[in-house]
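*Asks:* sequence and predicted structure below; questions after.
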Amino acid sequence: MDPCRRFGRTAVNAWTLRFYHAMPPVVRSAAAGARGWYLRAWRYGPETDRLADAALARERWSSAQWAAWREERLAQLLERAATRVPYYRDQWAARRRRGDRASWELLANWPVLEKEAVRTAPRAFLADDCNPRTMFHEHTSGTTGTSLDLWWSRATVRTWYALFEARWRRWYGVSRHDRWAILGGQLVVPVAHRTPPFWVWNPALHQLYLSSYHLAPDLIPHYVTALRQHRIRYLFGYTSALHTLAQGAEPGSLRALGLAVVIANAEPVLPHQREAIERAFGAPLRETYGMAEIVTAAGECEHNRLHLWPDAGVVELLDGDAPVPPGETGDLVCTGLVNADMPLVRYRVGDRAALDPSDAPCPCGRTLPRLARIEGRADDVLYTRDGRAVGRMDPVFKSRLPVHEAQIIQEALDRVRVRYVPAAGFTPADGEAIAARIRDRMGDVDVVLEPVSAIPRTSNGKLRAVVCALSPDERARLRAGDVTASRERAP
């Protein structure tokens, strides 16, 4: 999730979008400013700094302090969900009719909540005493284009953004009062537009919103000029967009901006991307993680450890319904602690990750738990002929291969396509190295190399680095261990 969107994810009909795009640049910026003042009133208030200070103070708590704090809030949330939220109340009533006497007071007694249930009937997750017309409506398209409707109270919004202020800004020596820029997925101007500006200035949030859709090599100098003219102190954006900007800018031009930090969100950061971005900007890159459902979040400290936020939600890592030990990858299943008005209990986020198995304290001094890695969406796990699930493909591109960006697509059990944008000096031997590394991880598969001028983005501008195009039924069979059936169906 990008927590600082200019427009939020509110649905905008096609006519409104065409009308907006027809506006002169100065009018577009005025419209952005008007929306910005609205968002500012929702996100920030007199309590913001107090809440941010409290969040920073909790980072040094002992495990006993954290346990007591979270147990109290979790108990309140589970009782409210079971008694005041229609979806859960009906669910527990049905269990009682079947003679199930399990207590809702224990989180483990709640079934895992799949995203489709929230998509299908979002208002069933709103508590009885909530009026959606007085709440902040968040509409997110999701990576695959499937949408979610979410509602937040003003208290929820301000608590959530106070956490961002503490851990996605103050950790890095910046604040919401600094001038900043975001490379985001909103269509600032039509994609076919080739004349700047490809951005709008939002004075209410001190924000320069830059289109991530116009980062063509000949247009990147305009982005650098805009960052300089608006005296931007830090930059926030999709990892792939930041990487494209870093690679396409004139050497030294981004470093001359003197940014304090570059903050990546919405996509995992691969080692070669981190190296290129930090080298180009002369500033640290910090990885962050979060989502519109606000059930968990994480931020990277100055020692490059990715810390979870225990005050945002309870995190479980599961293989199916079974917990996985620290160090092993599982599906992120989270129970949000911030939004008690639309609670999501044991919600399968759709991403996969692993907890840090080390018990050693982080050098930063924070007691927040740590993620060893985030591997991206569960749908992006690839499968092998012998039934293995392969979730880490980034080592394929770890060395200094002359590739601007790439995407790995599993089209069949025995066929993988690699779309790549070659850089200067790319040779057939580099292509053979990519194919060999994929086979090292997946076994005997056909690797199709496809050079392209650009990797297609999703509907919200993100780059999916790994895509499993096997059918849902095929993936389910493989996850269930039905390797024979899958072999028989492979082309």
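*Replies:* Noted; the coordinates are in hand.

*Asks:* sketch out the low-pLDDT regions of the stretch 51-200 of the chain for me.
*Replies:* Along the stretch 51-200 of the chain, segments meeting pLDDT under 70 span 141-147, 191.

*Asks:* can you show me the strands along it?
*Replies:* 136-140, 148-152, 180-184, 199-202 (DSSP state E, counting those that start in this stretch).

*Asks:* of these, which is nearest Ala266?
*Replies:* strand 180-184 (9.0 Å; C-beta to C-beta). (Glycine included, C-beta is placed from N, CA and C.)

*Asks:* list the contacts of that closest one.
*Replies:* Outside strand 180-184, the residues that touch it by C-beta atoms under 8 Å, 6 or more residues apart in numbering are 2, 4-6, 174, 199, 206-212, 215, 226-227, 230, 232-238, 241-242, 245, 461.

*Asks:* out of the strands of the stretch 51-200 of the chain, nearest to Ala30?
*Replies:* strand 199-202 (9.0 Å).

*Asks:* mind saving the C-alpha coords of the closest one as CSV?
*Replies:* This file holds the C-alpha atoms of strand 199-202, laid out as CSV (Å, rounded to 0.1, in the frame of the first residue of the first chain):
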residue,chain,number,x,y,z
TRP,A,199,3.1,15.7,-12.1
VAL,A,200,1.0,17.9,-9.9
TRP,A,201,2.0,19.9,-6.8
ASN,A,202,-0.2,19.4,-3.8
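
*Asks:* sheet-wise, list the partners of that strand with their directions.
*Replies:* strand 207-211 (antiparallel) (DSSP bridges).

*Asks:* how far out from the middle of the chain is the partner strand?
*Replies:* On the basis of C-alpha atoms, centre = their mean, to the nearest Å, strand 207-211 sits 18 Å off its chain's mean C-alpha point.

*Asks:* ditto for stretch 228-237
*Replies:* 21 Å.

*Asks:* which positions in that stretch come out as buried?
*Replies:* His230, Ile232, Arg233, Tyr234, Leu235, Phe236, Gly237 (16 or more other C-beta atoms under 10 Å).

*Asks:* please, which helix or strand holds the second one?
*Replies:* Element membership for Ile232 (DSSP states H and E) is empty, with no helix or strand holding it.

*Asks:* of the buried residues of stretch 228-237, closest to Arg255?
*Replies:* The closest of these, once distances to Arg255 are taken by C-beta to C-beta, is Leu235, at 12.6 Å.

*Asks:* what's the neighbour count on the closest residue to His21 other than its chain neighbours?
*Replies:* Leaving aside its sequence neighbours, His21 sits nearest to Pro190 (C-beta to C-beta, 6 or more residues apart in numbering; 5.3 Å). By other C-beta atoms under 10 Å, 14 other residues sit near Pro190.

*Asks:* and the longest helix for this structure?
*Replies:* Scanning the chain for the longest helix, with DSSP state H as the assignment, gives helix 63-84.

*Asks:* quick one: contacts of that one?
*Replies:* So helix 63-84 is contacted by 58, 61, 88-89, 92, 104-105, 107, 110, 127-129, 310-311, 314, 335-337, 340, 343, 345, 367 (C-beta under 8 Å, 6+ apart).

*Asks:* Leu285 contacts Val262, doesn't it?
*Replies:* Yes: taking contacts as C-beta atoms under 8 Å, Leu285 lies within contact range of Val262: 4.9 Å.

*Asks:* overlap in contacts, those two.
*Replies:* Leu242, Ile277, Glu278.

*Asks:* could I get those residues as TSV with neighbour count, distance to Ala436 and pLDDT?
*Replies:* Below are those laid out as TSV (neighbours: other C-beta atoms under 10 Å; distance: C-beta to C-beta, whole Å; pLDDT from 0 to 100):
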residue	neighbour count	distance to Ala436	pLDDT
Leu242	28	29	92
Ile277	23	27	96
Glu278	14	28	98
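
*Asks:* and Val418, helix, strand or coil?
*Replies:* Using DSSP: H, G, I helix; E, B strand; the rest coil, the three-state assignment for Val418 comes out as strand.

*Asks:* how many residues are close by it?
*Replies:* Neighbours around Val418, by other C-beta under 10 Å: 21.

*Asks:* so that it lines up with my notes, have the first residue be 29 from now on.
*Replies:* With 29 as the first residue, the last one maps to Val446.

*Asks:* next, the distance between the ends of stretch 293-307.
*Replies:* 19 Å (C-alpha to C-alpha, to the nearest Å).

*Asks:* which parts of that stretch are buried?
*Replies:* Those would be Asn293, Ala294, Glu295, Pro296, Val297, Leu298, His300, Gln301, Arg302, Ala304, Ile305, for stretch 293-307 by 16+ other C-beta under 10 Å.

*Asks:* list the buried residues in the longest helix of the chain.
*Replies:* Trp94, Arg98, Leu102, Leu105, Leu106, Arg108, Ala109, Ala110, Arg112.
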